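Participant: sequence first, predicted coordinates after that:
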Amino acid sequence: MEDYRHAADAVAEDIAAGRLRPGDRLPTQRAFARTHGIANSTAGRVYRELVRRGLVVGEVGRGTFVRAEPPAPGPALAEPAVQHIDLELNYPVVAGQSELLAAGLAPLLRPDLLAAALRPVAATGTPAARDAVAALLTRPGWAPDPNRVLFAGNGRQAIAAAIAALVPPGGRLAVEELTYPVVKAVAARLGITLVPLATDADGLRPDALAAACRVARTHAVYLQPTLHNPLGTTMSDQRRAELADALRRLGLYAIEDAVWAFLRDGPPPLADYAPDRTVLVDSFSKRLAPGLTTGFTVTPAPLTEQIGAALRSGGWTATRFALDAVTRWIGDGTVARIVHAKREDAAARQRIAATRLAGSTLRADPAAYNCWWELPPPWRAETFVAAAAWRGIAVTPAAAFVVGSGRAPGAVRIGLASPPPDVLGAALDTLAALARSTPEDADAH
């Protein structure tokens, strides 16, 4: 039935014409249905279509609000915005990395090596790739078994495969109360219920995990122990040990997302504390470059075939060319050099944020590429996001990370990785000035 698309088109026209402005709240779906003489279910489809088009955004417990029209790409701080500064997506790239990567690729262009690199490969990859990744992850006191390494096309696919292998449709996956938005989407597609768990300054609380398991069977827990996205929290050694004990006591598996852990030297991963209960997931998209998305897992021995089967059935295995490339980059030191540069870059960007947002309530790790900004009243996250977008700056509202029906905090995540440092500083100056004003003042300018 196409009626809902016509209704969505009408709302979109009102937004384009300025009759509905950024930050305006739409009527409830029930009221919209009454006004337009349509069923409540059709009104729901209208609102979902508007969300899909990027025209509106829903905030749990508050309603649906008009988003600003995305400005054209490119940095600008003038108003109205005609260009775009991305503090939403977080893709670190450092100077000179393309030249380093190109040098490692050159040998693969020899016809004999290229022929081998273009052959298909299983989820287990190649022995050389498994050895290289195991060496890359090795830390004092912990060295993963290369035979437990599996490969995916990207980190998201590795996460999806681990969830699909561990949690049946209709099952429960525990997560931190603020979690990676992609996990929310994966769970919805797989028919899995997410169970939000309380956290504190040290990360996920083991007692909250135990309480969730007492309520109903919980099949696994997904978490980010190191440089949590969006909060920047890193679990202490003691908390990791306590959580490992809880996993064993509860008979539960953990999916440890370590995609940002390369920015810190320690502590060891949760997989070191509970190797028999933890599936570690990582990828090369943050370590190296956004387009180099190869993901990998380190699995407990009993789960290797199970997760490998999920990778195969989902069509999520890596390509042989990508595996051969990253194997060379690990072996020749390219990965280590780029990681070193990104650690310095992240620290420099955190200093910019601390200076430009001085006086704000920020949660950030000096090693991280993001910070969590608790906005001053009377700002709401969605209104601030819309006002920032009108100025050509994209940031992420807290609601994107909230699990369940809980109220979203009045906060935004600021991704620091994508723009050049001077553009980042100017954008943060603009956001700081915006936060010092009121929504009414911002709307009047």
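Facilitator: Looks like it came in fine. Keep in mind it's a predicted model, so treat the numbers as computed, not measured. Residues are numbered from 1 along each chain as shown.
Participant: angles on the backbone of the residue nearest to Ala134 when sequence neighbours are not counted, please.
Facilitator: Setting aside the residues directly before and after it, Ala134 is nearest to Pro146 in space (CB to CB, 6 or more residues apart in numbering), at 4.1 Å. Just so you know, the C-beta spots here come from the backbone N, C-alpha and C atoms, and that holds for glycine as well. Here is the backbone geometry of Pro146 (degrees, to the nearest 10): phi -60, psi -30.
Participant: separation between Pro146 and Gly308?
Facilitator: Distance of Pro146 to Gly308, computed by CB to CB, to the nearest Å: 15 Å.
Participant: repeat that for Leu375.
Facilitator: 44 Å.
Participant: tally of neighbours for the residue nearest to Ala134?
Facilitator: Using other CB atoms under 10 Å, Pro146 is surrounded by 18 other residues.
Participant: wait, it sits on Leu137?
Facilitator: No - with contact defined as CB atoms under 8 Å, Pro146 does not reach Leu137; the gap is 10.0 Å.
Participant: tell me, what residue is most central in the protein?
Facilitator: Among the residues of the chain, the one closest to the centroid is Tyr180, at 4.5 Å (CA atoms, centre = their mean).
Participant: SS state for Lys342?
Facilitator: Here Lys342 is helix, with the state taken from DSSP: H, G, I helix; E, B strand; the rest coil.
Participant: pLDDT score for it?
Facilitator: Lys342 is assigned 97 on the pLDDT scale.
Participant: swap in the one 10 residues further on?
Facilitator: The model reports Ile352 with a pLDDT of 98.
Participant: assign it to helix, strand or coil.
Facilitator: Here Ile352 takes the helix state, with states given by three-state DSSP.
Participant: tally of neighbours for it?
Facilitator: Here the count is done by other CB under 10 Å, and Ile352 has 15 residues near it.
Participant: do the same with the one 3 residues further on
Facilitator: Burial of Thr355, expressed as a neighbour count using other CB under 10 Å, amounts to 11.
Participant: and if you look at Asp207?
Facilitator: Residues near Asp207, counting by other CB under 10 Å, number 12.
Participant: helix or strand for it, which one?
Facilitator: helix 206-215 (DSSP states H and E).
Participant: give the buried residues for that helix.
Facilitator: Neighbour-count burial for helix 206-215 flags Pro206, Ala208, Leu209, Ala212, Cys213 (criterion: 16 or more other CB atoms under 10 Å).
Participant: grab the nearest non-local neighbour of Gly410.
Facilitator: Gly410's closest residue in space is Leu375 (CB to CB, 6+ apart), at 5.0 Å.
Participant: how about the one you found, what does it touch?
Facilitator: Ala381, Phe384, Gly410, Ala411, Val412, Ala435 (CB atoms under 8 Å, 6 or more residues apart in numbering).
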